[in-house]
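[1] after the sequence you'll find the predicted model.
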Amino acid sequence: MTILTETKDGPLVLTPDQVEELGRQLDELRAKVVADLGDRDREYIYSIIKAQRGFEVAGRGLMYLGFLPPFWLAAVAALSVSKILDNMEIGHNVMHGQYDWMREPDLNSREFEWDNVCPGDQWRHSHNYMHHTYTNIHNKDRDIGYGILRVDEGQQWNPLRLGNPLYAFGLMVLFEWGVMGHDLEIENIVRGKRKWADVKKLLSGQWRKASRQVLKDYVVFPALSGPLFLSTLAGNVTANLVRNVWSFSIIFCGHFPTGVQTFTEEETEFETRGEWYVRQMLGSANITGGRLFHIMSGNLSHQIEHHLFPDLPANRYPALAPEVRVLCEKYGLPYNTGSFSKQIGSVWGKLFKLALPPFLIRKESAPGVIVMRQRQPTEVGV
């Protein structure tokens with residue numbers, strides 16, 4: 001392997017040999033975990049499912065005492081935890097195929113549906129395929145700004161960008177609805193690049209899924225509480241709001257804080273497996289925290305490890321993280337991590353900063369890593 005080279009005043013340079021060697025080492029890490037999958041992982045996911053159901057039952061039950069403020073707050077808290085676990089540690093990870101090896105019908109990635117208005121099949125396309133294949137590639141990964149936000153200097157500025165923080169706040173409180181509309185590419189419909197007729201099937205699926213969710217949370221369960229209809233309705237709305245704000249915050253901390261890099265289509269053309277790995281490492285960020293914090297984040301607090309190994313059970317990420325960090329240090333790559341307050345502060349700072357015209361803001365320094373590419377056709381198994 002070629003010795004790592006770094007200029008005195010310039011960015012780190014990785015040679016093709018270094019990149020492919022790094023890729024082989026990450027493949028070995030993945031293979032080691034796959035070979036070790038078994039009862040521990042099965043017990044973990046079922047314990048999370050049991051806890052999620054317990055919190056939901058507790059939350060629904062406590063709503064019947066919602067006329068007493070302490071019980072209403074406890075009901076909202078329990079239901080919020082239930083929805084966060086269902087969204088983050090169960091739904092997101094199961095639909096990534098992390099538990100397909102168990103061959104359990106209830107944990108089949110292609111059949112699983114979560115407590116969310118977005119249909120599972122549409123999320124699997126926009127997230128599993130588009131985002132994880134083309135992570136942080138402009139004009140490919142629509143998660144760069146979700147079609148409405150400016151989160152990178154590579155996105156063109158126009159006067160509408162002045163509302164960037166307001167758009168972000170709206171997306172945060174309505175996050176499940178934003179995720180639902182992601183596959184529609186509404187901004188392209190507005191620009192005339194896509195027709196409503198092209199998304200008729202998507203709209204039909206969204207109507208079926210969203211109507212069931214709205215009926216469940218905002219009609220059936222409030223109605224079952226009789227005279228406490230409004231109290232239960234308010235509790236369900238609040239629990240969904242808490243889940244939306246939490247999901248938005250964790251996801252944005254993993255993708256958009258300072259130091260996360262983006263790429264062009266030309267830079268990533270004919271990408272090798274090793275180059276794909278490097279792109280995932282440079283395009284993601286972690287959040288430090290304790291075990292409970294990691295569970296509540298769906299272990300997306302280990303976003304770097306998740307982007308490297310999206311189909312490995314997320315409960316394995318905490319053990320993988322130190323080994324990935326050692327590899328980053330070995331090759332001189334940044335390992336972007338920090339506290340929740342640091343990362344979320346960085347995200348919102350960027351959202352405000354990039355709302356302004358370019359001439360009013362200081363340009364970020366050049367990328368700290370340059371990959372010397374082989375530039376030859378190859379297939380990448382993601």
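    Happy to help now that I have it.

[2] the residue nearest the centre of the chain sits in which helix or strand?
    In the chain, the C-alpha nearest the mean C-alpha coordinate belongs to residue 251, at 4.3 Å (C-alpha atoms, centre = their mean). Following DSSP states H and E, one finds residue 251 within helix 229-255.

[3] give the other helices and strands that the following helix or strand past that helix contacts.
    Moving toward the C-terminus from helix 229-255, the first helix or strand encountered (DSSP H and E) is helix 273-282. Packing partners of helix 273-282 (3 or more C-beta pairs under 8 Å, 6 or more residues apart in numbering; DSSP states H and E): helix 16-36, helix 303-308, strand 369-371. C-betas here are computed from N, CA, C, even on glycine.

[4] picking up where we left off before, pull out the buried positions in the helix holding residue 251.
    By neighbour count on 16 or more other C-beta atoms under 10 Å, the buried set for helix 229-255 is 231-236, 238-244, 246-255.

[5] how many residues are close by the closest residue to residue 287 other than its chain neighbours?
    Using C-beta to C-beta, 6 or more residues apart in numbering and skipping the chain neighbours, the partner closest in space to residue 287 is residue 301 (4.1 Å). Residues near residue 301, counting by other C-beta atoms under 10 Å, number 30.

[6] gap between residue 301 and residue 293?
    From residue 301 across to residue 293, the span is 6 Å (C-beta to C-beta, to the nearest Å).

[7] what sits in contact with each of these two?
    Taking C-beta atoms under 8 Å, 6 or more residues apart in numbering as the criterion, residue 301 and residue 293 both touch residue 287.

[8] contacts only, for the residue nearest to residue 287.
    Going by C-beta under 8 Å, 6+ apart, residue 301 touches 250, 253-254, 286-289, 293-294.

[9] check residue 182 too.
    With C-beta under 8 Å, 6+ apart, residue 182 has these contacts: 118, 122-123, 126, 142, 146-147.

[10] and with 7 Å instead?
    With contact taken as C-beta atoms under 7 Å, 6 or more residues apart in numbering, residue 182 is in contact with 126, 142, 146.

[11] surely the first one is in a helix?
    Yes: counting by DSSP: H, G, I helix; E, B strand; the rest coil, residue 126 falls inside a helix.

[12] shouldn't it be in contact with residue 184?
    No: in this structure residue 126 lies outside contact range of residue 184 using C-beta atoms under 7 Å: 9.5 Å.

[13] okay, now the unreliable bits of this structure?
    Scanning the chain for pLDDT under 70 picks out the ranges 1-11, 365-368, 370, 372-382.

[14] if I look at the residue of the chain most remote from its centre, how far off is residue 219?
    Distance from the centre of the chain peaks at residue 227, with 39.0 Å (C-alpha atoms, centre = their mean). Using C-beta to C-beta, we find residue 227 at a distance of 16 Å from residue 219.

[15] ok, residue 93 next?
    If you go by C-beta to C-beta, the gap between residue 93 and residue 219 works out to 30 Å.

[16] quick one: which of those two has more around it?
    residue 93 (26 against 13).

[17] what's that one in contact with, if anything?
    Applying C-beta under 7 Å, 6+ apart to residue 93 gives the contacts 298, 314.
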